[in-house]
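> Prediction below, plus the sequence it came from.
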Amino acid sequence: MRDIRFRIWDMKHENFCYMSWSYIDGKDNNGWYMYVGEIEKLNYSSIQDYIGKKDKNVTEIYEGDILNTPSGTKYVVRFSNGGFCWCLLKDEKVKFWFSDSHPDFEVIGNIHQNPELLE
């Protein structure tokens, strides 16, 4: 099973808040729980899911991350049609689906903190 983690972009503070699901195996309360902390106080614009993969530098890949390849082609990570894909920045209709491994990808930023990479 993949790790179930999220990051939430806080527009007010311009940073990410990270959260994850945890399985609690208690006497009376078995199940999955998410620690939400003070999410209701965040002014957030998007919730982005960890896709369960890491780049060549062992950096976790999330929706909204911008990836670079050795050839210099840049992609953005999206969720589409029930799965995670990487889309060309110039034409997001061109999609490729994640397989088990892409050792040559490198996370170089994300759509919130590095919007200049989208140009």
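Sure thing, it's come through. Numbers count the residues shown, from 1 in each chain.

> Now the element after the helix or strand bottoming out on mean pLDDT in the chain, going C-ward?
For the chain, the helix or strand with the lowest mean confidence is strand 31-34, at a mean of 52 (criterion: mean pLDDT, DSSP states H and E). Next in sequence after strand 31-34, counting helices and strands by DSSP states H and E, comes strand 44-54.

> Show me what that following strand packs onto, helices and strands only.
Strand 44-54 is packed against strand 5-10, strand 60-62, strand 83-88, with contacts defined by 3 or more Cβ pairs under 8 Å, 6 or more residues apart in numbering; DSSP states H and E. For every residue, glycine as well, the C-beta is placed using N, CA and C.

> Just want the angle from the first one to strand 44-54.
Strand 5-10 and strand 44-54 are oriented at 150 degrees to each other (axes from the mean of the first three to the mean of the last three Cα atoms, to 10 degrees).

> Tell me the strands beside strand 5-10, with direction?
Within its sheet, and counting by DSSP bridges, strand 5-10 is paired with strand 15-24 (antiparallel), strand 44-54 (antiparallel).
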